[in-house]
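I'd like to go over a predicted model; first the sequence, then the structure.
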Amino acid sequence: MKTNYNFLVLLLLVVSFSSCDDFDDLNQNPTSSTVADPASLISTVQIRHSGEREVTWRSTYAYHMGIMQMVTGGEADRGQIYIHTPFYFEYLWNASYKNLNDLEIVIEATSGDESNVNYLAMAKILKVMIFAQLTDSYGDVPYFEASKGYSEGIIKPQYDTQQDIYNDFFVQLDTAVSLLDANKPLRGDLIFEGDVNRWAKFANSLRLRYALRLVNVDAAKAQQEAQLALDAGVMEDYSDAAYVDHGDFGVSTSSTQEIRGNAFSQVQHFTTNYTLACKTYVDYMKDTVGTTDEVRDPRLRSMFGIYGEANGKTTPDKSKSTLETSVEVTDEYIASEGKLRAFPPGLQWYNNTDDYDLAHSDLVVTKNGQDIYMEKRFKCLQINRELTALDLPAMYMSYAEVALYKAEMAARGWGGTGILTAREHFSEAVLANAAELVEVMGARPIAGDIQSYILEIWPTGGVPNELEVINLQQYVVNFYNPTEAYSNWRRTGYPLLEPADHPLTDPALNGLIPRRMPYPATEINFNAEHVTPHLSEGLNDWGAPVWWDASRDRGVLID
């Protein structure tokens, strides 16, 4: 992990510039603000993007992660069974535009100022990353007129097509890279500690990510932009990964404004939340051929485990992996039950399953002379304690993701500069992800032979469908970046997901899976003239694909 330098900057930032959260009003005059310092605003955006618990809880955790059948329990039930909860769809929208407004202030304050070109470049790069998450989640959104309330008096911005937005992404990233200057100041950077060379690699890697998004709607442009990104220089190893270190700060039920702790971990620590690993995600790591229950991927045990409560039954909360008082009993559980269980998709955590009766079947195992009790849901795998730490780094882009894009380019026969064989890039990606889990995220050491695992799932003789194997790994490596997992699934169709069929499932989906988030009710009510033309046949339909997806059923297991 990074040094304490970033964290000291962060502490100073929160104390001195906490009023940055007051930038919700897009009409506020930035020139009269006491916090319009570019370095401070950049730092705030970097940490706030992954530090707001309510945003993560109600959006990326509840829906992106739930829909992708990575976890269940708590609010992820909503995404697991597609519960249409209108006010939840406000969170990501509002938070994104709050951050984008601060970045626009930086852009206005630094444009034309040669001494501050690095802040201008960073603001442009972060703006693209946040806008991409926004448009990939909702579809067409206000882009060119967004955050122009004060400067141009635009309080009801026009919506732009996702195609136009994406085209501008490539322009903005190219411009940002050209602005970066190692001889100019760069303070308050919580991602790369002021290293402009790594910022350039990050920008080019984002360009590669968004280039690949276009394969279903404009394959020629996808290939062209991907090669331009490689030529300009993308991430080279896991030390180039883009992430933010967080601090050991939780959030109480009476305060939701704490941004210093990792938001995803704050969700895990929240008293009423139960997070269980989902069977779809775990099964791919357990058995790639679907015939045994053997754990094949050595990363699984670093990521997930079974936890129980020592010295008998008191309250079920005591079995949560986030509690230091709970005991990890994965080996003892396997010895007793013969296999590891994860919760099936399409259910709520209190539903019974065909595999075992969660409501009535309890289990006691012995470890170090103590009886360890597991009640109900806690007989399922949970995220390991190390990976629920409040100071867990937030991964914005991993090198493993980038290496898998290179593998996909090779598999598509694009070739070009910087491309080896698909298998070579794939192998590099899996090894990088193992290193990122331990060295960056702080997971326990991986017990197993990663090279043997790679050889098993991609033998030297080849595999029948290279794109499938590559993009199933994108599913695995993006566990801590579920918005990307959701986008990549829609783009590629991997993994193949079975739709939920639950009494609470939104019937408007007609047996399919959500392809986007519905527009917030505030937009429908207050900016109707601009949002209405961008609805799907007049409906705020979350089953309608975004532009680059162009499919309602890609990746859906249909009977």
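Nice, I can see it.

Give me the distance between the residue nearest the centre of the chain and Ser50.
Residue closest to the mean C-alpha point of the chain, counted by CA atoms, centre = their mean, is Asn481 at 2.1 Å. Separation of Asn481 from Ser50 (CB to CB, to the nearest Å) stands at 10 Å. C-beta: built from backbone N, CA, C; applies to glycine.

So for the two, which residues contact both of them?
Contact criterion CB atoms under 8 Å, 6 or more residues apart in numbering; residues shared by Asn481 and Ser50: Tyr396.

circling back to that earlier point, the residue nearest to the residue nearest to the centre of the chain when sequence neighbours are not counted: helix or strand, and which one exactly?
Take Asn481 and drop its neighbours on the chain: the residue closest to it by CB to CB, 6 or more residues apart in numbering is Met395, 5.6 Å away. Remark: Met395 resides in strand 394-397, with elements defined by DSSP states H and E.

centre of the chain versus that strand, how much separation?
Relative to its parent chain, strand 394-397 has a centroid offset of 7 Å by CA atoms, centre = their mean, to the nearest Å.

Same check on stretch 79-93?
Here the centre of stretch 79-93 is set off from its chain's centre by 16 Å, with CA atoms, centre = their mean.

Tell me the buried residues in that stretch?
Buried residues in stretch 79-93, counted by 16 or more other CB atoms under 10 Å: Gly79, Gln80, Ile81, Tyr82, Ile83, His84, Tyr88, Phe89, Glu90, Tyr91, Leu92, Trp93.

again with stretch 366-376
Of the residues in stretch 366-376, Ile372, Tyr373, Met374, Glu375, Lys376 count as buried by neighbour count, 16+ other CB under 10 Å.

Do me a favour and get the end-to-end distance for that stretch?
Using CA to CA, to the nearest Å, the end-to-end distance of stretch 366-376 comes out at 18 Å.

For the closest residue to Cys278 other than its chain neighbours, what are phi and psi?
In this structure, Cys278 finds its nearest non-sequential neighbour in Gln69, 4.6 Å apart by CB to CB, 6+ apart. Dihedral pair for Gln69: phi 60, psi 40, per degrees, to the nearest 10.

which residues touch Gln69?
Gln69 neighbours (CB under 8 Å, 6+ apart): Gln80, Cys278, Lys279, Thr280, Tyr281, Pro345, Pro495, Leu497.

change it to 6 Å
Contacts were defined as CB atoms under 6 Å, 6 or more residues apart in numbering; by that measure Gln69 touches Cys278, Thr280, Pro345, Leu497.

Pull up the gap between it and Val295, please.
Gln69 is 19 Å from Val295, by CB to CB.

Look at Ser361 and report its pLDDT.
At Ser361, the model reports a pLDDT of 66.

meant to ask about Ser147
At Ser147, pLDDT is 83.

again, but for the one 3 residues further on
Per-residue pLDDT puts Tyr150 at 67.

so where's the stretch 251-400 of the chain uncertain?
252-256, 271-272, 288-293, 312-317, 353-361 (pLDDT under 70).

Could you rerun that using 50?
Applying pLDDT under 50 to the stretch 251-400 of the chain picks out residues 289-290.

With the chain instead?
Using pLDDT under 50, the chain drops low at 1-35, 289-290.

out of the buried residues of stretch 79-93, which one sits closest to Glu537?
Checking these against Glu537 with CB to CB, the nearest one is His84 at 17.6 Å.

So the residue nearest to the closest one when sequence neighbours are not counted versus Asn101, what's the distance?
With CB to CB, 6+ apart as the measure, Asp506 is the residue that lies nearest to His84, at 4.4 Å, once sequence neighbours are left out. Separation of Asp506 from Asn101 (CB to CB) stands at 32 Å.

List of residues touching stretch 242-252?
1-2, 6-7, 46-47, 50, 53, 190-191, 202, 258, 260-262, 266, 269, 390-391, 393-397.

typo on my end, it should be stretch 475-491
Residues contacting stretch 475-491 (CB under 6 Å, 6+ apart): 60, 64-65, 68, 133, 136, 213, 395, 400, 433, 474, 495, 549, 555.

Between the residues you listed, identify the one with the most neighbours.
Met65 (30 neighbours; other CB atoms under 10 Å).

Am I right that it is in a helix?
Yes: according to DSSP: H, G, I helix; E, B strand; the rest coil, Met65 belongs to a helix.

and the gap between it and Gly79?
Met65 is 7 Å from Gly79, by CB to CB.

What of Tyr274?
In terms of CB to CB, Tyr274 sits 15 Å off from Gly79.

likewise Lys286?
Counting by CB to CB - Lys286 and Gly79 are separated by 22 Å.

likewise Asn351?
For Asn351 relative to Gly79 (CB to CB), the value is 15 Å.

Number of residues surrounding the nearest residue to Val546 once chain neighbours are set aside?
Nearest residue to Val546, sequence neighbours excluded (CB to CB, 6+ apart): Gly139, at 4.5 Å. By the criterion of other CB under 10 Å, Gly139 has 27 neighbours.

do Ile524 as well
15.

Now it: which helix or strand?
Using DSSP H and E, the element containing Ile524 is helix 521-526.

how about that helix: buried residues?
Neighbour-count burial for helix 521-526 [16+ other CB under 10 Å]: Glu523.

and what of stretch 215-227?
Buried, per 16+ other CB under 10 Å, within stretch 215-227: Val215, Asn216, Val217, Asp218, Ala222, Gln223, Glu225, Ala226, Gln227.

could you redo those as a markdown table and give each row secondary structure?
Listed next are the buried residues of stretch 215-227 as a markdown table, based on three-state DSSP:
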| residue | secondary structure |
| --- | --- |
| Val215 | helix |
| Asn216 | helix |
| Val217 | coil |
| Asp218 | coil |
| Ala222 | helix |
| Gln223 | helix |
| Glu225 | helix |
| Ala226 | helix |
| Gln227 | helix |
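
before we move on, back to that, quick one, what contacts the residue nearest to Asn481?
Met395 neighbours (CB under 6 Å, 6+ apart): Tyr243, Tyr480, Asn481.

bridging residues for the first one?
Which is Tyr243. Note on Tyr243: beta-bridge partners by DSSP bridges are Met395.

Please report how far it lies from Leu497.
27 Å.

The two: which has the busier surroundings?
In terms of neighbours (other CB under 10 Å), Tyr243 is the more surrounded of Tyr243 and Leu497; the figures are 23 against 18.

residue contacts, Lys286?
Val295.

what number of residues lie near Tyr350?
By other CB under 10 Å, the residues close to Tyr350 number 12.

Please report phi then psi for it.
phi -90, psi 0.

Show me the contact partners of stretch 216-232.
170, 204, 207-208, 211, 214-215, 409, 414, 416-418, 548, 550.

Which residue ranges of this structure form strands?
71-72, 242-244, 276-277, 304-305, 307-310, 326-328, 363-367, 370-374, 382-383, 394-397 (DSSP state E).

and these, which is most packed in?
strand 71-72 (a mean of 30; mean count of other CB atoms under 10 Å).

In this model Ala109 seems to touch Asn116, though I could be wrong.
No: counting by CB atoms under 6 Å, Asn116 stays clear of Ala109, with 7.6 Å between them.

Against Ile454, how distant is Glu332?
Look at Glu332 and Ile454: by CB to CB, they are 30 Å apart.

and the gap between Asn262 and Leu392?
4 Å.

now Lys379
25 Å.
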